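Novice: sequence first, then the predicted structure:
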Amino acid sequence: MELIIYALIFLFSFSSFHFIYEYISPRIFEKAENYSKRFNEIYLFMNKRALLIIFAGIPAFLFMLSFLITASFLVSLFILFFSVLLPRYSLYILRKRRLKELEMQLPSVLLSLSNSLKSGLSLLQAIEIVSRYEKPPISQEFSLILKEQRVGVAFHQSLLNFYQRNPIDDIQLFVISSITAKTTGGNLSEIYERLSQTIDERHRIEGKIKSLTAQGKLQGIIVSLIPPFFLFFLSIIDYELVYPLFSEKIGKLILAIVLVMEIMGSLLIRKIVNIKV
């Protein structure tokens, strides 16, 4: 009987390993490859092994460790969920910060390109000056454009690759104006100077709008948080008072209606205060 049990355990373990190897492993490696490319785009070079440890190994280890310490499956599941999401959220924050830095650097870089072109340099020479003397991340991106030029990539394709790596409106304007001027023979120095002034003015207006709408955003957050906090404190002070909301059908219906209205109100306030320039 014991031999049969051991044999069944062995067969189950073997089939589980085969399933993981055949179906799950390729997907994990594919995701690791995708995240490796995304990290490379923000100049954080990490190999697939390190990413597998971060995205799969560490969450699995924390799940087992938390289960051994707390002996609670729900707590361990919460820690697993948090540890899986944390690297993805970190990548999102790092990428967003990089795009913001690029956006803030672009007006001064465009002015530098314009001055270099006025002094008689070619566009590639002007880009090389930016890649040497400007701070990252804009210097890294312009250095990559130069490297692509040296290996034979077409100039318009290098600019399109620049926009694909950093999909923001200001860079799109820079790429489109550069390609159009190179194709039709426009005055690049004048175009870059006007584009720098336009982007700078837009940043100034955006900053003014953010300062004016900051109070509205804070009021929206406070108004949205008042009902759940009020319900929480009421349940602490007198639970019998709020118990029908969770036990009776009409109470559950009221909670559902309040939740929907809360979400709708939050989205409406967010739409009002988010003004696009």
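Specialist: The structure has been received and is ready for your questions. Numbering: from 1, shown residues only.

Novice: what does the pLDDT read for residue 160?
Specialist: pLDDT recorded at residue 160 is 92.

Novice: by contact count, what packs against the helix or strand where residue 256 lies?
Specialist: Following DSSP states H and E, one finds residue 256 within helix 249-273. If contacts are counted by 3 or more Cβ pairs under 8 Å, 6 or more residues apart in numbering; DSSP states H and E, helix 249-273 sits against helix 188-237, helix 239-247. (C-beta placed from N, C-alpha, C; glycine too.)

Novice: what residues does the shortest one touch?
Specialist: In this case it means helix 239-247. 231, 234, 235, 250, 251, 252, 254, 255 (Cβ atoms under 8 Å, 6 or more residues apart in numbering).

Novice: let's see 7 Å
Specialist: 231, 234, 235, 251, 254, 255 (Cβ atoms under 7 Å, 6 or more residues apart in numbering).

Novice: returning to what we had before: hey, which of the helices and strands packed on helix 249-273 is tucked in deepest?
Specialist: helix 188-237 (a mean of 14; mean count of other Cβ atoms under 10 Å).

Novice: now that one: how far from the chain's centre is it?
Specialist: 18 Å (Cα atoms, centre = their mean, to the nearest Å).

Novice: how many neighbours does residue 78 have?
Specialist: 13 (other Cβ atoms under 10 Å).

Novice: same thing with residue 253?
Specialist: Neighbour number of residue 253 under other Cβ under 10 Å is 11.

Novice: offset the numbering so it begins at 18, please.
Specialist: With 18 as the first residue, the last one maps to residue 270.

Novice: tell me the contacts of it?
Specialist: Residue 270 neighbours (Cβ under 7 Å, 6+ apart): none.

Novice: now residue 171: phi and psi?
Specialist: The phi/psi pair for residue 171 (degrees, to the nearest 10) reads phi -60, psi 150.

Novice: cool, and residue 169?
Specialist: According to degrees, to the nearest 10, residue 169 has phi 100, psi 10.

Novice: try the one 3 residues further on
Specialist: Dihedral pair for residue 172: phi -60, psi -40, per degrees, to the nearest 10.

Novice: any idea how far residue 148 is from it?
Specialist: Taking Cβ to Cβ, to the nearest Å as the measure, residue 172 falls 15 Å from residue 148.

Novice: repeat that for residue 106.
Specialist: For residue 106, the distance to residue 148 - Cβ to Cβ - is 31 Å.

Novice: which one of those two has more residues nearby?
Specialist: residue 148 (18 against 10).

Novice: tell me which element the more buried one is part of?
Specialist: Going by DSSP H and E, residue 148 is part of helix 140-150.

Novice: what helix or strand is the most centrally placed residue in the chain on?
Specialist: Geometric centre of the chain, nearest residue: residue 109, 2.4 Å, by Cα atoms, centre = their mean. In this assignment (DSSP H and E), residue 109 forms part of helix 90-135.

Novice: can you give me the angle that helix makes with helix 205-254?
Specialist: Counting by axes from the mean of the first three to the mean of the last three Cα atoms, to 10 degrees, helix 90-135 lies at 160 degrees to helix 205-254.

Novice: by contact count, what packs against helix 90-135?
Specialist: helix 75-87, helix 140-150, helix 155-167, helix 186-201, helix 205-254 (3 or more Cβ pairs under 7 Å, 6 or more residues apart in numbering; DSSP states H and E).

Novice: can you lay out those helices as TSV showing distance to residue 101 and mean pLDDT?
Specialist: Formatted as TSV, the helices and strands packed on helix 90-135 follow (distance: least, Cβ to Cβ, whole Å; pLDDT from 0 to 100):
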stretch	distance to residue 101	mean pLDDT
helix 75-87	5	74
helix 140-150	37	88
helix 155-167	29	89
helix 186-201	32	88
helix 205-254	26	83
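
Novice: got the ones you listed as JSON lines, with distance to residue 132 columns?
Specialist: Output for those, formatted as JSON lines (distance: least, Cβ to Cβ, whole Å):
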{"stretch": "helix 75-87", "distance to residue 132": "49"}
{"stretch": "helix 140-150", "distance to residue 132": "8"}
{"stretch": "helix 155-167", "distance to residue 132": "15"}
{"stretch": "helix 186-201", "distance to residue 132": "16"}
{"stretch": "helix 205-254", "distance to residue 132": "8"}
